[in-house]
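Asks: Would you be able to build a 3D model of this:
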Amino acid sequence: MFDQIDRSIVAAGVSLALIGLAWTYSSKSARVRPNEPPLLPGSLPILGHALRFGKDANKVYIEARNWSGKGLQPVSLSLLGQRMYVILNPKDVAAVWRAKTLSFEPVVKWSLAAVFGLSTDALQQMHSDPDGAGDMYENQHVYFRDALAPGSSLNQANGAFLKQFKTDMTSVIQEIKSAPGGELRVDLLDWVRNRIAISSTNAFMGTKLLQHDPKMIQRLNQWEEDFGTLTMGLPKWLIKAYDNLDKLHDNFVAVGKDGEMLPWMVKRIEMMEVRGIGPKDVGAGMFTLWMALLVNAVPTSFWMLYQILGDPAITSKIQEEIAPAFDANNNLIDLEYLVQKTPFLTAIYWEALRWTSGAVSVRKVEEDTMIGGAMLYAGGMVMIPARTNNTDPNLFGDNADDFVADRFLRDPASLKHVRAFGGGHTLCPGRHFANNEIVAFVATALREFVITIDPSQAGARPLTSAMIVGTFYPDRKVYATVKLKN
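Replies: Have a look, this model is predicted:
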C-alpha cells in the first residue's frame with residue numbers, strides 16, 4: 001500500500017515537473033520579442049494556435065488579415081512552439097521574395113522527403129555535378145522555366161497535349177454514343193480529372209504509364225487526400241499513406257524512360273541517373289513532376305466549366321467568343337486565338353484562379369530579418385497565403401468572396417493584384433502550359449458537348465477548410481449529364 005503511495009507521489013511529482021516545463025516552454029513561445037509581429041489573439045498554452053490552424057488554416061489566415069488592420073502588418077502565430085509569421089501586405093510579400101535571408105530551400109527539402117518520398121541520399125546526390133550540368137537542386141526552377149517558356153519547347157508540349165486530347169475526346173464521343181439514351185451521368189470533377197490527366201500524362205510521360213497501371217489517376221487523387229497526413233512527417237511505418245506513395249513511385253520505376261516522353265523529361269531522368277540516384281528515388285522525382293502537372297489544372301478546369309455552365313447567358317457569350325478557334329467539326333485549330341483573343345474566357349480563367357487558389361508560399365527565416373517594420377526572428381517560418389490577398393475587399397471590392405465572371409472585364413486594373421502562381425524566383429514555371437491546356441479543355445468541352453449540371457448542385461463553393469496542394473476543390477459533389485451536341 002505504502003509502495004503504491006510512494007509511486008503515486010513520484011508520478012505526481014514528475015507530472016507537475018513536466019507541466020511546469022511545458023508551461024514555461026509555451027510561455028516563451030507565446031512571448032513576443034522586441035519588434036516581433038504581434039501574436040494573433042486566442043493562443044492556448046503549449047498548443048498556441050495549433051488546434052484552430054489544424055482545423056481550418058485558411059480561416060486563421062483570414063482572421064489574421066482582419067485583425068492586422070488597414071496596414072496589413074505581419075502577424076505571428078504559434079504552433080506548438082514554432083513561430084509562424086503571416087505576411088499580408090503586398091509590399092511586404094515582394095520584400096520576402098527578394099530577401100536572401102528568407103530561404104525556400106529548407107522547405108523544398110523537407111517536402112521532397114516527407115510529402116514526395118525522396119530519400120536523404122537522393123537529396124544530397126542532387127547537389128553533385130558529374131556531368132557539368134550543375135546542381136540539380138539549385139537549377140531546377142531555371143530548368144523547368146526554360147523547358148516551358150514560350151517558344152519551341154512549349155510549342156512541342158502544347159502539340160503533344162492537343163494530340164492526346166483529341167484522342168481522348170474521340171474515346172469520350174464513342175462512349176457517349178454507346179451509352180443508354182446517348183448520354184453519360186458523371187461526377188463532373190472526376191470527369192474533368194480524367195480528361196485532363198489522361199491527355200497531359202500521355203503527352204508528357206508517354207502512354208505506357210497509364211497502360212501499366214490504369215489506377216494511376218485514382219492513386220494521385222488518393223495522394224491529394226493524404227496530403228495533410230504526409231505533411232506531418234510521421235515515420236513511414238506508422239501511416240498507410242506511404243503505401244500509396246510507394247506504389248506511385250514503383251509505377252514510374254517500372255515504366256522507366258518511355259520513348260514517347262518529352263525530351264526534357266527524359267533528360268531529367270538521365271541527370272538523376274548519372275548522379276547515382278537510385279531507381280526508387282528517380283520514380284519519386286518523376287512523380288513530383290507529374291503531380292505538378294495535374295493538381296492545379298484539374299480543379300481550375302472544373303471551376304471554369306462549373307461557373308460558365310451555371311449561367312445560360314455566360315454560356316452563350318463564351319460559345320460565341322470561342323467559335324473562331326474551331327472548325328466545322330469542332331476541332332480546335334487555333335490555340336493562340338483561345339489564349340489571346342477571348343477576353344471573357346480569359347477573365348473567367350483569372351477569376352477562377354483568384355477565387356480558388358489556396359496556395360501558401362513558405363520561407364524559413366535563416367537570419368533575423370526586418371520585413372514591413374517588424375523583426376522576423378531566425379528559426380521562424382514565413383507564410384504567404386494566397387487567399388488572404390485574393391479575397392481582400394480592399395483589392396477586389398465588397399464581393400471579393402464571390403465568383404464574378406466579368407470582374408476583370410469591368411475592372412482590368414485589379415487583375416494585377418491576383419496572386420495565383422507564387423512569385424519571385426519561384427514563380428511557377430508551368431503557368432504558360434497550364435493556361436493553354438485549361439482553356440483548350442474548357443473550350444472544347446463547351447463546343448463538343450451539352451453538359452447539364454444537376455440543379456441540386458448549384459451554389460458550390462471552394463472547400464477552404466481542406467488542406468490542399470494548391471487549388472481548392474468544391475464543397476460538394478457535382479453531378480452532370482454529358483451529351484453530344486450533334
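
Asks: just the strands in the stretch 301-450 of the chain please.
Replies: Taking DSSP state E, counting those that start in this stretch to define them, one finds strands in the stretch 301-450 of the chain at 360-365, 369-371, 374-376, 381-385, 449-453.

Asks: Dump the ones you listed to TSV, plus mean pLDDT and distance to residue 172.
Replies: Bear in mind the C-beta positions are built from the backbone N, C-alpha and C, glycine included. Converted to TSV, the strands of the stretch 301-450 of the chain look like this (pLDDT from 0 to 100; distance: least, Cβ to Cβ, whole Å):
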stretch	mean pLDDT	distance to residue 172
strand 360-365	94	35
strand 369-371	97	50
strand 374-376	97	51
strand 381-385	96	37
strand 449-453	96	8
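
Asks: deepest of these, which one?
Replies: Of all the strands of the stretch 301-450 of the chain, strand 381-385 carries the top mean neighbour count, a mean of 23, counting by mean count of other Cβ atoms under 10 Å.

Asks: contact partners of that one?
Replies: Residues from elsewhere that reach strand 381-385 (Cβ atoms under 8 Å, 6 or more residues apart in numbering): 57-58, 61, 77, 82-87, 93, 96, 102, 358-365, 371, 376.

Asks: who does it pair up with?
Replies: Sheet partners assigned to strand 381-385 using DSSP bridges are listed as strand 82-86 (parallel), strand 360-365 (antiparallel).

Asks: How about residues contacting the shortest one?
Replies: Right, strand 82-86. The contact list for strand 82-86 (Cβ under 8 Å, 6+ apart) reads 29, 36-37, 40, 61, 64-65, 74-78, 365, 371, 374, 376-377, 379-385, 388.

Asks: Report the buried residues of stretch 91-102.
Replies: By neighbour count with 16 or more other Cβ atoms under 10 Å, stretch 91-102 contains the buried residues 92-93, 95-97, 99, 102.

Asks: Now these in CSV, please, with extra columns for pLDDT, distance to residue 133 and secondary structure.
Replies: As requested, those are exported to CSV (pLDDT from 0 to 100; distance: Cβ to Cβ, whole Å; DSSP: H, G, I helix; E, B strand; the rest coil):
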residue, pLDDT, distance to residue 133, secondary structure
92, 96, 36, helix
93, 94, 32, helix
95, 96, 33, helix
96, 95, 30, helix
97, 92, 26, helix
99, 95, 28, coil
102, 96, 28, strand
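
Asks: Out of these, which is nearest to residue 281?
Replies: Nearest to residue 281, judged by Cβ to Cβ, of the buried residues of stretch 91-102 is residue 102 at 28.2 Å.

Asks: which residue packs closest to that closest one, ignoring adjacent ones?
Replies: In space, and not counting its chain neighbours, residue 102 is closest to residue 363: 4.0 Å by Cβ to Cβ, 6 or more residues apart in numbering.

Asks: got the buried residues for stretch 257-269?
Replies: Buried residues in stretch 257-269, counted by 16+ other Cβ under 10 Å: 257-258, 260-262, 264-266, 268-269.

Asks: what's the straight distance from one end of it to the other?
Replies: Across its full length, stretch 257-269 reaches 7 Å end to end, with Cα to Cα, to the nearest Å as the criterion.

Asks: Quick one: residues in contact with that stretch.
Replies: For stretch 257-269, contacts defined as Cβ under 8 Å, 6+ apart pick out 143, 147, 153, 156-157, 160, 202-209, 256, 270, 282, 285-286, 289.

Asks: Give the rounded mean pLDDT of that stretch.
Replies: Throughout stretch 257-269, pLDDT has a mean value of 93.

Asks: tell me the contacts of residue 168?
Replies: If you count contacts by Cβ under 8 Å, 6+ apart, then residue 168 has 195, 198-199 around it.

Asks: A helix includes residue 466, no?
Replies: No. Under DSSP: H, G, I helix; E, B strand; the rest coil, residue 466 sits outside any helix and is assigned coil.

Asks: Would you agree it is in contact with residue 356?
Replies: No. Look at residue 466 against residue 356 with Cβ atoms under 8 Å: they stay out of range, at 11.4 Å.

Asks: follow-up on the earlier one: so for residue 236, which of the strands of the stretch 301-450 of the chain sits nearest?
Replies: Of those, nearest to residue 236 by Cβ to Cβ is strand 360-365, at 22.9 Å.

Asks: circling back to that earlier point, and of the strands of the stretch 301-450 of the chain, who's closest to residue 405?
Replies: Evaluated with Cβ to Cβ, these place strand 449-453 nearest to residue 405, the distance being 15.4 Å.

Asks: and that closest one, what other elements does it pack with?
Replies: For strand 449-453, the elements it packs on are helix 297-309, strand 479-484, judged by 3 or more Cβ pairs under 8 Å, 6 or more residues apart in numbering; DSSP states H and E.

Asks: For the closest residue to residue 435 other than its chain neighbours, list the residues it contacts.
Replies: Closest residue to residue 435 apart from its sequence neighbours, by Cβ to Cβ, 6+ apart: residue 339 at 6.2 Å. For residue 339, the contact set (Cβ under 8 Å, 6+ apart) comprises 346, 435-436, 439.

Asks: possible to save the strands paired with strand 381-385 as JSON lines with distance to residue 322?
Replies: JSON lines is the format used below for the strands paired with strand 381-385 (distance: least, Cβ to Cβ, whole Å):
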{"stretch": "strand 82-86", "distance to residue 322": "40"}
{"stretch": "strand 360-365", "distance to residue 322": "33"}
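
Asks: Which of those strands sits closest to residue 137?
Replies: strand 360-365 (15.5 Å).

Asks: As PDB, could you dump the C-alpha coordinates of that closest one?
Replies: Included here for strand 360-365 are C-alpha records, laid out as PDB according to Å, rounded to 0.1, in the frame of the first residue of the first chain:
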ATOM      1  CA  VAL A 360       0.800  29.200 -49.400                       C
ATOM      2  CA  SER A 361       4.300  30.400 -50.200                       C
ATOM      3  CA  VAL A 362       6.600  29.400 -47.300                       C
ATOM      4  CA  ARG A 363      10.100  30.500 -46.300                       C
ATOM      5  CA  LYS A 364      12.400  29.700 -43.400                       C
ATOM      6  CA  VAL A 365      14.000  32.600 -41.500                       C
END
